[in-house]
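> quick one, what's the 3D model for this:
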Amino acid sequence: MNGMNQSGVYEQQRIIHDETGYRIQLDEVTLSQVDLKWGAYVNPEEKVLLFHPDKSAIISHFRMYDPRVVVDLKRKNIREKQFVIYREDAGPYELWIPPTKDKGCSFFELIMSDHFFNNIMTDESEFMSSFHQHTTVSTPSLDFTAQMNPAMYGVINEMRNSPYTGYLKGIYLEAKAIELFLMQVNQLDQLEIARRSKLKARDIESLHAVKAYMELNYNNPYSIPELARIAGINQMKLKNGFKELFNTTVFGYLSNLRMQEAKRLLIDEKMYVNEVADLVGYKHPHHFTAAFKKKYGMVPKDLKS
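Numbering: from 1, shown residues only. Modelled structure (predicted):
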């Protein structure tokens, strides 16, 4: 299935398979400066695939689902819920594909033209400066690998289910591509700040752990003493270290997580406001409504109308 509409948005679906049992389904969207690619595959045996791109590009690869437990870091493959950014050069190169046995894996790729990337490029970003000087091509680097966060999943889902068609769809998808890439830049910049931080490595690890814990359990009520116990550090180090490392407060980050999920539930799941308030951790709907309006400038019911 494929087609080019008048806006220059080209969409196609491809299925590739071979005699070893390797099978991949690709859903691809091509825009003027950006390509989007959703892939789902099974690979019974270890495989090396040959790629031959006709032009250079910046690849953002998101590992959406990967049930494998063993990850070979020497091969530079990444874990589920991680992303990596690397430069792909024109010309042939090989990519090792680990076996999935009978389990399926899925990924998303944001493929940016050099022109698109250079228009965003700024030395204000630690990651962008390092990446710009990085000379290795067609090989993912752990230096530019980080964890996906819930907001990234949300944007990828919004791109998959664009509410627009034609010309507006092209504008919408490119805007979402920029939004997603800036989220990655922020995540990688935070890692660079952590490397230069005066915080001890163990404290940084604890702060990342408590941040990940909140991302999975954002609907629970928390206090600073409770989170400090979970992190295994004192309350002062939790508050100050979190602010230094992630450029936001503990409860500011938690509130943002809740609002992102609330917006998704209202729009994608068509849930009632009271249901959403309860699911994201608010006992009183009016407290949820006030927090939502502060974040988005509108009350939740306006989003549904």
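
> what segments of the stretch 51-200 of the chain are strands?
Taking DSSP state E, counting those that start in this stretch as the criterion, the stretch 51-200 of the chain carries its strands at 57-65, 82-88, 93-97, 105-112, 145-147.

> tell me the angle the fourth one makes with strand 93-97.
Per axes from the mean of the first three to the mean of the last three CA atoms, to 10 degrees, the angle that strand 105-112 makes with strand 93-97 is 150 degrees.

> tabulate the CA atom coordinates of strand 105-112 in CSV.
Provided in CSV are the C-alpha atoms of strand 105-112 (Å, rounded to 0.1, in the frame of the first residue of the first chain):
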residue,chain,number,x,y,z
CYS,A,105,10.4,-6.5,18.3
SER,A,106,9.3,-3.1,17.2
PHE,A,107,11.0,0.3,16.6
PHE,A,108,10.4,3.8,15.3
GLU,A,109,12.9,5.8,13.4
LEU,A,110,13.1,9.5,12.7
ILE,A,111,15.3,10.1,9.7
MET,A,112,16.4,13.7,9.3
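
> what's the domain layout of the protein?
In terms of domains, the chain is parsed into 2-195, 199-304 (source: automatic domain parsing).

> worst average pLDDT in the ones you listed?
In terms of average pLDDT, domain 2-195 trails the rest of the domains of the chain, at a mean of 87.

> picking that back up, in TSV, list the domains of the chain along with mean neighbour count.
C-betas here are computed from N, CA, C, even on glycine. Output for the domains of the chain, formatted as TSV (neighbours: other CB atoms under 10 Å):
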stretch	mean neighbour count
domain 2-195	15
domain 199-304	16
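
> out of the strands of the stretch 51-200 of the chain, which comes closest to Ile230?
strand 145-147 (17.6 Å; CB to CB).

> pull the distance from that closest one to the chain's centre.
Mean-position distance between strand 145-147 and its chain equals 9 Å (CA atoms, centre = their mean, to the nearest Å).

> can you tell me how far the spatially most central residue of the chain is from Gly21?
In the chain, the residue lying closest to the centroid (CA atoms, centre = their mean) is Met152, at 3.5 Å. Distance from Met152 to Gly21, counting by CB to CB, to the nearest Å: 31 Å.

> and the helices in the protein, which stretches?
Taking DSSP state H, the helices of the chain run over residues 114-120, 126-133, 150-160, 166-196, 201-216, 224-231, 235-246, 250-267, 273-279, 285-296, 300-304.

> for those helices, which one sits closest to Arg87?
Relative to Arg87, the nearest member of these by CB to CB is helix 126-133, separated by 7.8 Å.

> how about residues contacting that closest one?
Residues from elsewhere that reach helix 126-133 (CB atoms under 8 Å, 6 or more residues apart in numbering): 85, 87, 120-123, 143-144, 185, 188-189, 191-193.

> redo the residues you listed as CSV? Include distance to Ser32.
Putting the contacts of helix 126-133 into CSV (distance: CB to CB, whole Å) gives the following:
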residue, distance to Ser32
Ile85, 21
Arg87, 20
Ile120, 15
Met121, 18
Thr122, 22
Asp123, 26
Asp143, 30
Phe144, 25
Val185, 21
Leu188, 26
Asp189, 27
Leu191, 31
Glu192, 31
Ile193, 34
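
> what's the farthest-apart pair in those residues?
Of all pairs drawn from those, the greatest distance, 23.1 Å, lies between Arg87 and Ile193 (CB to CB).

> and the helices of the chain: which comes nearest His61?
Evaluated over the helices of the chain, closeness to His61 peaks at helix 166-196, with 10.7 Å, by CB to CB.

> determine how far the closest one lies from the middle of the whole chain.
Centre-to-centre, helix 166-196 and its host chain are 9 Å apart (CA atoms, centre = their mean).

> next, the angle strand 57-65 makes with it.
80 degrees.

> the residue nearest to the centre of the chain contacts Leu180, doesn't it?
Yes - between Met152 and Leu180 there is a contact at 6.3 Å, judged by CB atoms under 8 Å.

> which residues touch Ser197?
Residues counted as contacts of Ser197 (CB under 8 Å, 6+ apart) are Ile204, Glu244, Leu245.

> mind putting those residues into TSV with distance to His134?
Putting these into TSV (distance: CB to CB, whole Å) gives the following:
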residue	distance to His134
Ile204	23
Glu244	26
Leu245	24
